[in-house]
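Colleague: quick one: sequence plus predicted model below, questions after.
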Amino acid sequence: MIIYLDKTTYQEFDAWLCNKANKYNFRVSYDQTGYIDDLGDLDRVPKKIYPLRIFLRKIYPNGSVDSKNDGFFIMEKVGERLKVCPKAYEKGVETLKPILKEIADDWPETREIIMRDVFKNNQEIVDKETKRIRQELTQQIQSIGSESLIKRTFKRDGECWHIEYDKENKDIQDSKGMHYIHVLLSRPNKEILSTELYRLGNGLSSEKNSVLGDDNDYLSITEDDDQYPIFDNQYKNELLEKIKK
């Protein structure tokens, strides 16, 4: 499994992991033998030979530490993100799960892949995560009201074109370019050849016998009504019913 932590440095993840290791009783080391327990600022450590690794060993209630690792994290900087590859040995799979769950909580961009690859067989975790997602979706949908719909108008009015988007509106003098724009808006999300655009924009017969709306028609600027239904109260209620299932 490979995860990417947005805008995270080596040192930031190291400090975070040491904190969680202390919380869940793990000993941290930076070599497989367990002798190196401090490297200072990891952002300054040379990484040309091999990627940095942080090893974890479980501390037992009696204070003893197993000589074998439960697992380790391989790190590599990729732009502003930190590429992390968690590795767990057979017995460490279960013991490392709490830390992986904490990563999913603190770096939401990793949640989907961690839940899918690590907790896929834990029905309790899956059910809890499903419930959380449903609650978030329900809150997001309920926060959207019909009044939030953006008004979009592209309509010819005599020698001008009336354009309106949300609270902004403007009248623009008629020109060939406005007719071309009208043609494109009449065909949202569809490809159109330049020759076809020229024919339709100049009122010539179409090679494909396409039906074009009248210049006085109200047109959607960005959306195809057939593909994107209007988000009214009825549609909102339909979405909420689907989430409950």
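Modeller: Looks like it came in fine. Numbers count the residues shown, from 1 in each chain.
Colleague: paired strands for the helix or strand hosting Phe73, with orientation please.
Modeller: Element membership for Phe73, per DSSP states H and E: strand 71-78. Here strand 71-78 has these sheet partners by DSSP bridges: strand 52-58 (antiparallel), strand 81-88 (antiparallel).
Colleague: please parse this protein into its domains.
Modeller: With domains defined by automatic domain parsing, the chain comprises 3-109, 150-229.
Colleague: comparing those, which gets the lowest mean pLDDT score?
Modeller: For those, mean pLDDT drops lowest on domain 150-229, to a mean of 70.
Colleague: and the longest helix anywhere in the chain, what does it pack against?
Modeller: As assigned by DSSP state H, the longest helix anywhere in the chain is helix 123-142. Counting contacts by 3 or more Cβ pairs under 8 Å, 6 or more residues apart in numbering; DSSP states H and E, helix 123-142 is packed against helix 111-117, helix 233-244. Using the backbone N, CA and C atoms, a C-beta is placed for each residue, glycine as well.
Colleague: hey, where'd the helices end up in the protein?
Modeller: Under the criterion DSSP H, the chain contains helices at 10-23, 92-95, 97-106, 111-117, 123-142, 176-186, 194-201, 233-244.
Colleague: may I have stretch 2-16 exported as CSV, CA atoms only?
Modeller: In CSV, the C-alpha atoms belonging to stretch 2-16 read as follows (Å, rounded to 0.1, in the frame of the first residue of the first chain):
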residue,chain,number,x,y,z
ILE,A,2,1.3,3.5,-0.9
ILE,A,3,-0.2,6.7,0.5
TYR,A,4,0.6,10.3,-0.1
LEU,A,5,0.4,12.9,2.6
ASP,A,6,-0.3,16.4,1.3
LYS,A,7,2.1,19.2,2.3
THR,A,8,4.0,17.1,4.8
THR,A,9,7.8,17.0,5.4
TYR,A,10,9.9,14.1,6.7
GLN,A,11,10.3,15.8,10.1
GLU,A,12,6.6,16.6,10.5
PHE,A,13,5.7,13.0,9.8
ASP,A,14,8.5,11.7,12.1
ALA,A,15,7.3,13.9,15.0
TRP,A,16,3.7,12.8,14.4
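Colleague: what's in contact with that stretch?
Modeller: The contact list for stretch 2-16 (Cβ atoms under 8 Å, 6 or more residues apart in numbering) reads 41-43, 45, 52, 54, 73, 75, 77-78, 80-86, 103, 106-107, 109-110, 113-114.
Colleague: repeat for stretch 82-97
Modeller: By Cβ under 8 Å, 6+ apart, stretch 82-97 touches 1-5, 8-10, 13, 24, 56, 58, 68-77, 100, 103, 118-119.
Colleague: list the buried ones in it?
Modeller: 82-84, 86, 88, 92, 95-97 (16 or more other Cβ atoms under 10 Å).
Colleague: residue nearest the middle of this protein, spatially speaking?
Modeller: Glu109 (6.7 Å; Cα atoms, centre = their mean).
Colleague: leaving out chain neighbours, which residue sits closest to it?
Modeller: Excluding its sequence neighbours, the residue lying closest to Glu109 (Cβ to Cβ, 6 or more residues apart in numbering) is Asp6, at 5.6 Å.
Colleague: check the gap between that neighbour and Gln142 for me.
Modeller: 28 Å (Cβ to Cβ, to the nearest Å).
Colleague: repeat for Arg132
Modeller: Distance of Arg132 to Gln142, computed by Cβ to Cβ: 16 Å.
Colleague: same question for Val78.
Modeller: Distance, Val78 to Gln142, using Cβ to Cβ: 38 Å.
Colleague: could you do Leu17 as well?
Modeller: On the measure of Cβ to Cβ, Leu17 and Gln142 end up 37 Å apart.
Colleague: start and end of stretch 152-170, how far apart?
Modeller: 12 Å (Cα to Cα, to the nearest Å).
Colleague: same thing with stretch 95-113?
Modeller: Start-to-end span of stretch 95-113 (Cα to Cα) is 19 Å.
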